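1. need a structure here:
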Amino acid sequence: MTHNHTPLFSAFATPAPEEWWANVRAELESDDPLSRLSWNTLEGISVTPIFMIDDVPRKNHLTAYPGQAPYARGTTPLGYLASPWRIRHRLVCGDGNAESEIFRAAESGRSELEIFPGSSEHTVPILRDVLARALDADVPVILNAGAQTPAFYSAAVSLAEQSGGTFSGGTRYDPLSVFAGHGTIPGGIDTALRLAADCVRFAAETPSRARIIEAGGHVFHDAGATSTQELAYTLASGIEYVRALTSHGLSVDQACASIEFSFSVGTNFAFEVAKLRAARMLWAKIVHHFLPTDPGSKKMRMHARTSRWSQTVYDPHVNILRGTIETLAAVVGGADSISTLPFDDVLDTASELSLRLARNTSLLLSEEAGLAHVVDPAGGSMYFDALTDDVGNAAWTLLQDVEARGGFLRSLVTGDLHTAIRSAAGSRDEMIAVRKEVFVGTNQYPNLGERPSPRERGASPNASPQSELAVPVQEEGVNSVRVMAKAFSEGAALLDVLIPDAGTDSIVAPLQAYRGAEVFERLRAAVDRQARRPKAILATLGPAAWRRARATFASGFLGVAGFDIVDHPGYENIDAAVAAALNEDADIVVACSDDESSPLIAAELVSKLRAQKKDILVLVAGYPKNAVDALKAAGVDDFIHLRANTRTVLETLLTRLGIETSEVAP
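-> Numbering: from 1, shown residues only. Purely as a prediction, here's the structure:
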């Protein structure tokens with residue numbers, strides 16, 4: 001077969017960038033269209049809407065191939081072609097779903113199981129059973145017991161040996177995240193870091209070559225950090241681990257080989273892809289300065305987990321879509337393993353359906369979308385390349401600031417990290433309040449018929465909760481994890497190894513985990529708990545196009561709080577709207593009309609409604625700025641419009657209606 005190499009579009013003239021910009025300037029009627037089209041992020045990055053080849057800086061991470069330093073395009077030459085991402089399942093011991101979860105993990109042939117053991121008297125028998133089943137199914141296991149991980153790791157090794165096998169899994173021991181999230185850790189952070197070194201040395205004596213230490217970004221992400229803050233502070237914790245491990249006698253290569261980084265992935269797709277690509281690039285740069293002897297030490301091992309911060313209690317099936325976007329971002333960003341949270345993870349219990357959908361999200365992206373057949377899915381995109389550079393530079397600046405302040409632990413103890421994250425979270429919360437950051441189904445486009453309020457899960461295994469127990473630690477030079485394993489092999493019970501915590505005072509303020517949608521969920525939950533749901537009448541009057549547009553907006557605005565909304569195609573006159581409101585015993589009436597008509601309509605509505613029901617609230621959909629003061633003087637209670645602070649308006653309305661919201665949990 002002969003191939004015709006004639007350019008496909010040779011019949012067309014090559015367009016010049018100047019021609020395109022001329023067309024854009026004409027369409028926008030602006031001499032500076034880029035300033036009109038660009039948008040600024042909380043990370044301090046200005047994002048342009050289009051990229052030309054000359055806009056992308058030609059730096060090493062852009063000219064390198066996959067598997068070449070600095071590894072923005074992946075740490076192996078063939079990427080997912082040779083090693084598709086691992087699908088990580090979560091199993092909480094005692095939930096009763098061990099058999100099905102292990103079966104699910106074994107079914108795909110490329111899964112691994114993350115186990116949260118718990119700390120009851122039944123933990124050891126349950127853990128023994130889970131490990132035996134996983135061993136039979138040839139499913140890799142990762143243990144995550146928060147501050148108690150070293151003890152449970154020693155128990156797992158011992159239990160596996162008693163069953164005639166070997167524990168070939170790893171752990172997710174992240175004492176820095178526990179310390180940051182709880183403000184304390186059993187035995188103190190110095191002891192915990194020494195235990196980390198003991199775990200790494202103990203693992204070297206076993207057949208396992210799995211990672212032992214996790215440098216996790218979830219504690220920052222779940223506290224509302226930006227993508228660049230999560231990246232910078234996670235890398236800073238990685239530096240802290242390398243320093244701690246080497247100070248306890250391990251080499252730089254041993255330290256780096258023991259660490260797996262773990263990031264949360266939110267719904268801001270392009271930024272999350274750029275964050276993961278930049279993470280590998282920056283870690284290679286960091287490790288280079290530690291002077292490793294093995295070039296492979298510069299390669300980051302990365303796990304990604306879909307965001308709990310972005311999940312919602314209301315309209316929870318939208319979480320399926322969020323999880324799909326987030327999993328896709330993790331794949332395109334090149335994560336080595338991925339956990340997709342079930343869509344009902346924030347509810348009382350994850351269902352069999354949600355667990356299966358979570359697993360199938362990765363399988364669909366791999367098998368049907370074909371992303372496992374591409375070495376670097378983001379490769380060649382000028383947008384991703386430029387954004388990777390921008391995110392990397394912003395994170396590097398933050399990281400240098402942490403280092404200048406004395407490093408990760410010092411910044412944690414002084415509260416500098418908390419201050420920065422709280423500032424970012426406050427800005428995000430304000431954007432959510434005015435609906436510039438949207439949670440579909442919660443602060444925008446609510447499901448008006450959703451009843452009743454679901455219950456939020458109390459504790460999540462993702463938070464790596466601190467146990468009330470503390471591990472016994474041997475004197476310097478004795479491996480505490482080896483001592484624990486020997487005790488288990490000689491028949492010690494769990495409580496013989498996990499002794500009560502003597503009480504370690506908090507020395508840092510804990511980073512408070514929350515979800516972005518919580519404030520709106522609290523408002524709706526308060527309404528859902530009422531015996532009678534507050535009723536709002538939409539007084540649709542005036543020009544048809546305007547009244548329908550304003551009524552649609554008002555319905556969505558008030559629906560966020562779960563009000564019972566009564567709409568109407570259009571009342572013949574004000575008296576008809578007043579009669580309908582009184583007949584329905586409405587608590588709120590919203591004047592829905594155009595800006596020209598609404599001042600007269602609203603003033604008359606207030607007069608006629610208050611004559612018969614003094615406590616009725618009257619709102620105006622829109623903001624007729626020339627008449628606002630007059631309408632307030634006439635008795636209009638508030639205005640709902642695009643620039644309104646939705647949270648504040650709804651909180652005020654509920655307070656006026658005598659509904660308490662501050663102590664109500666979703």
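2. Touching stretch 558-576 from outside, list them.
-> 442-444, 446, 448, 520, 523-524, 527-528, 533-541, 544, 547-548, 551, 555, 577, 580, 584, 586, 588, 590, 601, 604-605, 608, 640, 646, 650, 653-654 (CB atoms under 8 Å, 6 or more residues apart in numbering). C-betas here are computed from N, CA, C, even on glycine.
3. So which of the residues you listed sit within strands?
-> Judged by DSSP state E, the contacts of stretch 558-576 include Lys535, Ala536, Ile537, Leu538, Ala539, Thr540, Ile588, Val590, Ile640 as members of strands.
4. Out of the residues you listed, grab the one that's most surrounded.
-> Ala539 (33 neighbours; other CB atoms under 10 Å).
5. If you count contacts, what does the longest helix seen in the chain end up packed against?
-> Taking DSSP state H as the criterion, the chain has its longest helix at helix 382-404. Helix 382-404 sits against helix 60-63, helix 227-247, helix 269-288, helix 416-433, with contacts defined as 3 or more CB pairs under 8 Å, 6 or more residues apart in numbering; DSSP states H and E.
6. roughly how far is the second one from the heart of the chain?
-> Taking the mean of its C-alpha atoms, helix 227-247 sits 19 Å from the chain's own mean (CA atoms, centre = their mean, to the nearest Å).
7. mind listing what's buried in it?
-> 227-246 (16 or more other CB atoms under 10 Å).
8. Tell me who's in contact with Pro207.
-> Contacts of Pro207 (CB under 8 Å, 6+ apart): Thr166, Ser168.
9. Same check on Glu260?
-> Gly170, Arg172, Arg211, Ile213, Glu214, Ala215, Arg301, Met302, His303.
10. Helix, strand or coil: sort out it for me.
-> Secondary structure, DSSP: H, G, I helix; E, B strand; the rest coil: Glu260 is strand.
11. distance of it from Met300?
-> Distance, Glu260 to Met300, by CB to CB, to the nearest Å: 9 Å.
12. Tell me where the stretch 101-250 of the chain has strands.
-> Under the criterion DSSP state E, counting those that start in this stretch, the stretch 101-250 of the chain contains strands at 111-116, 141-143, 170-171, 213-216.
13. before we move on, the earlier item: and Tyr71, which of the helices and strands packed on helix 382-404 is closest to it?
-> helix 269-288 (4.2 Å; CB to CB).
14. C-terminal to that closest one, what's the next element?
-> strand 302-306 (DSSP states H and E).
15. Now intersect the contacts of stretch 558-576 with the helices, please.
-> Using DSSP H, the contacts of stretch 558-576 in helices are 520, 523-524, 527-528, 544, 547-548, 551, 555, 577, 580, 601, 604-605, 608, 646, 650, 653-654.
16. Tell me the buried residues within these.
-> 520, 523-524, 527-528, 547-548, 551, 555, 577, 580, 601, 604-605, 608, 646, 650, 653-654.
17. list the contacts for the residue nearest to Lys608 when sequence neighbours are not counted?
-> Nearest residue to Lys608, sequence neighbours excluded (CB to CB, 6 or more residues apart in numbering): Val578, at 4.8 Å. Residues counted as contacts of Val578 (CB under 8 Å, 6+ apart) are Leu605, Lys608, Leu609, Gln612.
18. Quick one, grab the pLDDT at Ile659.
-> Here the pLDDT value assigned to Ile659 is 95.
19. and what of Pro452?
-> Value for Pro452, per-residue pLDDT: 63.
20. what do you get for Asp638?
-> So, for Asp638, pLDDT stands at 97.
21. Please apply the same query to Gly109.
-> pLDDT recorded at Gly109 is 62.
22. same check, this time on Lys613
-> pLDDT at Lys613 comes out at 95.
23. for the stretch 1-150 of the chain, what spans make up the helices?
-> 17-28, 33-37, 60-63, 98-108, 123-136, 149-162 (DSSP state H, counting those that start in this stretch).
24. Tell me which of these lies nearest to Phe220.
-> Closest among those, using CB to CB: helix 149-162, at 19.7 Å.
25. Could you check how far that closest one is from the centre of its chain?
-> So, by CA atoms, centre = their mean, the centroid of helix 149-162 is 31 Å from its chain's centroid.
26. Would you mind checking the average pLDDT for that helix?
-> 84.
27. try stretch 287-302
-> According to the model, stretch 287-302 has a mean pLDDT of 97.
28. Also stretch 31-40?
-> Rounded mean pLDDT across stretch 31-40 is 87.
29. So which bits of stretch 363-382 are buried?
-> Within stretch 363-382, the residues scored as buried using 16+ other CB under 10 Å are Leu363, Leu365, Ser366, Leu371, Ala372, Val375, Asp376, Pro377, Ala378, Gly379, Ser381.
30. ok now do the closest residue to the second one other than its chain neighbours, which residues does it touch?
-> Here the nearest residue to Leu365 in space, its sequence neighbours aside, is Leu371; by CB to CB, 6+ apart that works out to 5.1 Å. Leu371 makes contacts with Tyr80, Leu328, Val331, Val332, Leu365, Pro377, as judged by CB under 8 Å, 6+ apart.
31. Quickly note the distance from the closest residue to Ala145 other than its chain neighbours to Tyr233.
-> Taking CB to CB, 6+ apart, and ignoring the residues beside it in sequence, Ala145 has Phe152 as its nearest neighbour in space, at 4.2 Å. Taking CB to CB as the measure, Phe152 falls 26 Å from Tyr233.
32. you'd agree the residue nearest to Ala145 is up against Leu127?
-> Yes. In this structure, Phe152 is within contact of Leu127 by CB atoms under 8 Å, at 7.4 Å.
33. which residues of the chain score low on pLDDT?
-> 1-7, 55-62, 94-101, 103-109, 118-122, 452-477, 488, 490-506, 663-666 (pLDDT under 70).
34. Verify the stated contact: Cys592 with Ala544.
-> No. Between Cys592 and Ala544 there is no contact under CB under 8 Å: 11.0 Å.
35. show me the contacts for the residue nearest to Ala82 when sequence neighbours are not counted.
-> Distances taken as CB to CB, 6+ apart place Thr76 nearest to Ala82, at 6.1 Å, with adjacent residues excluded. Going by CB under 8 Å, 6+ apart, Thr76 touches Pro66, Gly67, Ala82, Ser83.
36. what about 10 Å?
-> Pro66, Gly67, Ala82, Ser83, Lys299, Gly334, Asp336, Val375 (CB atoms under 10 Å, 6 or more residues apart in numbering).
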